[in-house]
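Visitor: Need coordinates for the following:
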Amino acid sequence: MKNKLWVESYRPQTIADYVFVNERQKNQVEGWVKDGSIPHLLLSGDPGTGKTTLAKVLIHELDVSEYDVLEINASRENSVDVVRNKIVNFVQTMPFGNFKVVLLDEADYLTPAGQAALRNDMEAYHMTARFILTCNYQHRIIPALKSRCHEFHITKTDKTEFTARAATVLVSENITFDLDDLDSYVRATYPDLRKCLNQLQVNSSTGTLLSSQSQSSGEDELLVEATNLFKAGKILEGRQQLLQYIALYPTRIEDTYSWMYQNLDLWGKSNEKRDASIIVIRNGLANLSMVGIPEISLAATLVELTGDL
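Guide: Residues are numbered from 1 along each chain as shown. This next block holds a predicted model:
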């Protein structure tokens, strides 16, 4: 599995594989599967706690045809046009099975207008389609949309279970590691299992997990590489590096701008350049919600930051 992300290779496929913290929630999910149907769902929780995984487990257990599933990441496609065109075009046709499923990841990135349009579509097509929304921040979901969904909050697993799952992946990948080193990764990433596995994968390419003293930050490493490419005028390569970053860390888009601010020296040493960089970073962050594809906003911000370097 060297060419595949561990977070995908080891994603649970069934209810039996999925780790439920709350037994009542497990019983509820099993009840939906037994009935062969689900309500519209709003799955909330911290990044990396298994929201998307649970959605995909439900789709798998309900035996929904791949032709009846539409997956959209709202952190990349968040305009009202996505709802009006992409989603409506999908749900307005009859399903191959009992119903279609729209899996809308990071729904809290959807614009308020997009959320309002989505609410209307959920009502209009409730006979033939189910909507599963995931979000990190419930307060970003408008009340009218929340009221159309069954809210399902996923709490973090305890640190012992978290560590055991990470260790299982390392053993399966034949990675040599020290328990103290693994514990340092767990402390740095808990409760985000996705981030933990990404960090472990980045820092074990030689077959041995790097120690806590020598480990590299996969996130910073990729961002520095992208920045250096932009500084060298290699815009296409920089964009490709950003795409890799977004694939590895899809929920860290906003954190990227904090990283840019914390590393102002990358953009220039003079006070004037630092002040100008702060404004560029602020504008990029402010525009993030208005750009349908975050990679475009990130790339544009980096181009502007490195234009005079």
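Visitor: In terms of helices and strands, where is V303?
Guide: In this structure, V303 sits in helix 294-306 according to DSSP states H and E.
Visitor: now do S258
Guide: Using DSSP H and E, S258 falls in helix 253-262.
Visitor: in the helix holding V303, what counts as buried?
Guide: Neighbour counts using 16 or more other CB atoms under 10 Å place 294-295, 297-299, 301-302, 304-306 of helix 294-306 among the buried residues. Quick note: C-beta positions are derived from backbone N, CA and C, even for glycine.
Visitor: Please apply the same query to stretch 138-151.
Guide: Neighbour counts over stretch 138-151 (16+ other CB under 10 Å) mark 141-142, 145-146, 148-149 as buried.
Visitor: Low-confidence stretches in the stretch 151-300 of the chain?
Guide: Filtered on pLDDT under 70, the stretch 151-300 of the chain yields the residue ranges 212-220, 239, 243, 246-251, 289-293.
Visitor: please redo it, this time with the cut-off set to 80
Guide: 212-236, 238-256, 259-260, 262-263, 265-266, 287-299 (pLDDT under 80).
Visitor: In contact with E161: list those residues for me.
Guide: Counting by CB atoms under 8 Å, 6 or more residues apart in numbering, E161 touches V19.
Visitor: Does it lie in a helix or a strand, and which?
Guide: Judged by DSSP H and E, E161 forms part of helix 159-172.
Visitor: circling back: format the buried residues of stretch 138-151 as TSV; extra columns: secondary structure.
Guide: Shown next, in TSV, are those (DSSP: H, G, I helix; E, B strand; the rest coil):
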residue	secondary structure
I141	coil
I142	coil
L145	helix
K146	helix
R148	coil
C149	coil
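Visitor: which two from those residues end up farthest apart in space?
Guide: I142 and C149 (11.3 Å; CB to CB).
Visitor: contacting residues around stretch 165-178?
Guide: By CB under 8 Å, 6+ apart, the surrounding residues in contact with stretch 165-178 are 1, 6, 10, 19, 157, 179, 182, 185-186, 193, 196-197, 200, 204, 207-209, 211.
Visitor: residues of stretch 34-43 that come out buried?
Guide: Buried residues in stretch 34-43 (16+ other CB under 10 Å): 38, 40-43.
Visitor: what kind of secondary structure is L70 in?
Guide: Note that with three-state DSSP, the state of L70 is strand.
Visitor: List the residues that contact it.
Guide: So L70 contacts 86-87, 90-91, 100-103 (CB under 8 Å, 6+ apart).
Visitor: so what's it bridging to?
Guide: V102 (DSSP bridges).
Visitor: Strands of the stretch 101-250 of the chain, start to end?
Guide: Assigned by DSSP state E, counting those that start in this stretch, the stretch 101-250 of the chain shows strands spanning 129-135, 150-153.
Visitor: Neighbouring strands - and their directions - for the longest one?
Guide: Strand pairing for strand 129-135, determined by DSSP bridges: strand 41-44 (parallel), strand 100-105 (parallel).
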